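Colleague: Next input, structure requested:
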Amino acid sequence: MKISEFIETTRISFEALSSNKMRSFLTTLGVVIGIFFVVLMGWAINGLDSTLDKTFNAIGTDMLYVDKWNWSGGRNWRKIEARKDITYAQALEFCKRIKSAEVVMPQGRAWGRQVQFKNQLLNGITIMGVPYKYALTPSGNVTEGRFFSQFEDMNSADVAVIGYNVAKNLFPDSNSLGQTLKIGGRSFTIIGVVEKRGTFITDFMDNQCYIPLSSFFGIFGSTGRSISIAVKAGSEAQLDEVRSEAIGIMRGVRNTPPGEEDDFAINESQAFREESKTMRIAVYGIGLGLTALSFIVGMIGIMNIMFVTVTERTKEIGIRKALGATRASILVQFLTEAAALCFTGAVIAFIICSGVIYATVQIFELTFPPYIPPGLLLIATFVSILVGIIAGLIPAVRASRMNTVDALRYE
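Modeller: This next block holds a predicted model:
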């Protein structure tokens, strides 16, 4: 088929569609819904991947956390609860023995505490007691001020570094640095604000306050609680070596008999990666199921309407064939009409989806991109055209094989 003939055939196809605007629009509804789900699913997965990457970076891709609890769950909760606490003495002994890690330090946590600024109270805050070396970890990156020094740490200085959400809620219109914050009835001077780390999955990361470990023990005590140990391997390549050494040392420190299961957990960002696979499968499953159903409905609608179109334009087909139109020309004409129907549906879906995505990001303050990724637009466009061609193939073949004389006689 010549290019000029193809252009003319395409023009005729779009003119036929424009002459039946309402019918064309109603026919594309199934495709609109299908493309809508395709785009929404792709956007959600891309956003989820981006959010998870931010979460992994916030935790630290080269960080290990020796803890009593398994962050990812998936085990017998009562059995984990029955584990003995990791004591401060055990944490210190672990820190002395480990050699392969770049940085290692104990840290204490007090969950669900209250902090106060003047008459303002903020509940559900995690108080973290950490050494000055915590500034070397991803969690210690400050966006305002500084982290406390070794001197302040050794002397139990009443200084605090607060999380992003704490600063946002207590000091929305003012600078938090130099302000006095009460923690456990004790006054602390704010010297820094940690950069935003949390996402919609890990928003709790921004609801934390960091104080020197000795000050933490002075308020909450060092006994009757389990201490966590932060271990910075130095690079992801060293994680396996550091993990193996950490497990061996911790078993020795806690006198775990050979052959018995570890009575502690080694937590890392990899645990969240495994959990994310389940989330991705769920999103894929729901999205693909709805998409497939919508496309099937859309294909049936397009096929039916194309059969009606072929029947209505039988005489036109006969005239075109009598004037020299080839089978290929007739075939391309009706395939183009079907593909154009689906492409129109895709455009409508893109417009609706763009509005829904932007509104969702703004309303729920998600870290997802507020637009449709360009690659996803290309994929959705290709899928819509392919669906149109498949749906219109049988009617188009039927039109191309019509007998010229019978078509001209058709009334």
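
Colleague: Would you point out the helix or strand in this protein whose mean pLDDT is lowest?
Modeller: Every helix and strand in the chain was compared by mean pLDDT, DSSP states H and E; the lowest is helix 3-18, with a mean of 70.

Colleague: all strands of the stretch 51-200 of the chain, in order?
Modeller: Using DSSP state E, counting those that start in this stretch, the strands found in the stretch 51-200 of the chain span residues 63-67, 103-117, 120-130, 142-145, 159-162, 180-183, 186-194.

Colleague: Could I get the CA-only coordinates of the longest one as PDB?
Modeller: Read that as strand 103-117. C-alpha atoms of strand 103-117 as PDB (Å, rounded to 0.1, in the frame of the first residue of the first chain):
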ATOM      1  CA  VAL A 103      30.900   2.200  63.200                       C
ATOM      2  CA  VAL A 104      29.000   0.400  66.000                       C
ATOM      3  CA  MET A 105      27.000   1.900  68.900                       C
ATOM      4  CA  PRO A 106      24.300   1.000  71.400                       C
ATOM      5  CA  GLN A 107      21.000   3.000  71.300                       C
ATOM      6  CA  GLY A 108      18.000   3.100  73.600                       C
ATOM      7  CA  ARG A 109      14.400   3.700  72.600                       C
ATOM      8  CA  ALA A 110      11.400   4.900  74.500                       C
ATOM      9  CA  TRP A 111       8.200   4.500  72.400                       C
ATOM     10  CA  GLY A 112       5.100   6.600  72.500                       C
ATOM     11  CA  ARG A 113       6.400   9.400  74.700                       C
ATOM     12  CA  GLN A 114       5.200  12.900  75.100                       C
ATOM     13  CA  VAL A 115       7.300  16.100  74.500                       C
ATOM     14  CA  GLN A 116       6.300  19.600  75.500                       C
ATOM     15  CA  PHE A 117       7.100  23.000  74.200                       C
END
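
Colleague: before we move on, back to that, want to try JSON lines for the strands of the stretch 51-200 of the chain, with mean pLDDT as columns?
Modeller: Listed next are the strands of the stretch 51-200 of the chain as JSON lines, based on pLDDT from 0 to 100:
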{"stretch": "strand 63-67", "mean pLDDT": "94"}
{"stretch": "strand 103-117", "mean pLDDT": "95"}
{"stretch": "strand 120-130", "mean pLDDT": "95"}
{"stretch": "strand 142-145", "mean pLDDT": "94"}
{"stretch": "strand 159-162", "mean pLDDT": "97"}
{"stretch": "strand 180-183", "mean pLDDT": "96"}
{"stretch": "strand 186-194", "mean pLDDT": "96"}
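
Colleague: so which strand or helix has the residue nearest to the spatial centre of the chain?
Modeller: The centroid of the chain falls nearest to Leu48 when counting by C-alpha atoms, centre = their mean (1.0 Å). Element membership of Leu48, judged by DSSP states H and E, is helix 21-59.
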